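S.K.: Everything below, folded, please.
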Amino acid sequence: SAHPYPEHVETACFLETKSRPDGTIMTHQQHGWDITMFDNPSTYEKYDGSHFYKVSILERKEAPGFFYNYTVRARIGNGEYDFEDVVDVPHAACTFVDQPYTSDIHIPGAFRHPIGILDSHFPMNWRNLR
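M.R.: Residues are numbered from 1 along each chain as shown. Next up is the predicted model:
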């Protein structure tokens with residue numbers, strides 16, 4: 001099917017993975033990269049940029065509670081075959097990101113003016129950083 005989103009938008013997921021315990025093939029037969037299972041983040045506090053990867057959605061399946069889980073192909077490096085397929089990625093771990101230099105801040109003529117606040121608007125004990 002056609003890509004349903006604007007061309008400057010990419011899909012990304014927060015991913016920590018573990019090996020598949022169910023005995024299924026753990027290496028992509030054609031390309032040789034790993035096939036793993038989603039493990040984390042399981043709480044909001046565990047979402048951080050060190051485990052944030054651009055992905056392609058390979059498959060979507062229904063999950064309990066009117067949600068979906070996905071199988072994704074994550075780019076884990078810059079090499080030609082630096083990918084990992086991850087199964088059972090929850091919808092909450094996925095988001096959209098702008099491709100570099102395509103967000104509104106890069107539109108010619110975008111408003112980029114510093115907004116100053118007078119020192120008098122802050123208590124004296126907050127103004128000790130000079």
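
S.K.: The lengthiest strand in the chain: what's the following helix or strand?
M.R.: Longest among the strand segments of the chain by residue count, using DSSP state E, is strand 52-63. Next helix or strand after strand 52-63 toward the C-terminus (DSSP states H and E): strand 67-75.

S.K.: Direction included, what does that following strand pair up with?
M.R.: strand 52-63 (antiparallel), strand 83-90 (antiparallel) (DSSP bridges).

S.K.: which of those strands is buried the deepest?
M.R.: Most buried of these, by mean neighbour count (mean count of other Cβ atoms under 10 Å): strand 83-90, with a mean of 20. Just so you know, the C-beta spots here come from the backbone N, C-alpha and C atoms, and that holds for glycine as well.

S.K.: avg pLDDT for that one?
M.R.: Strand 83-90 shows a mean pLDDT of 89.

S.K.: same check, this time on stretch 27-38
M.R.: Here the average pLDDT along stretch 27-38 is 74.

S.K.: re the thing from before, give me the residues contacting the longest strand of the chain.
M.R.: Strand 52-63 is contacted by residues 10-15, 68-76, 85-86, 89-91, 94, 97 when judged by Cβ atoms under 8 Å, 6 or more residues apart in numbering.

S.K.: Also stretch 69-77?
M.R.: 11, 13, 15, 38, 53-63, 82-91, 94.

S.K.: from the middle of its chain, how far away would stretch 83-97 be?
M.R.: 7 Å (Cα atoms, centre = their mean, to the nearest Å).

S.K.: and if you look at stretch 42-50?
M.R.: 11 Å.

S.K.: all helices for the protein, in order.
M.R.: Applying DSSP state H to the chain gives no helices.

S.K.: Flag the shaky bits of it, pLDDT-wise.
M.R.: Low-confidence regions of the chain, defined here as pLDDT under 70, cover residues 1-3, 23-25, 28-29, 31-32, 129-130.

S.K.: Quick check: residue 15 touching residue 89?
M.R.: Yes: between residue 15 and residue 89 there is a contact under Cβ atoms under 8 Å: 6.8 Å.

S.K.: Please consider this matter closed, and thank you.
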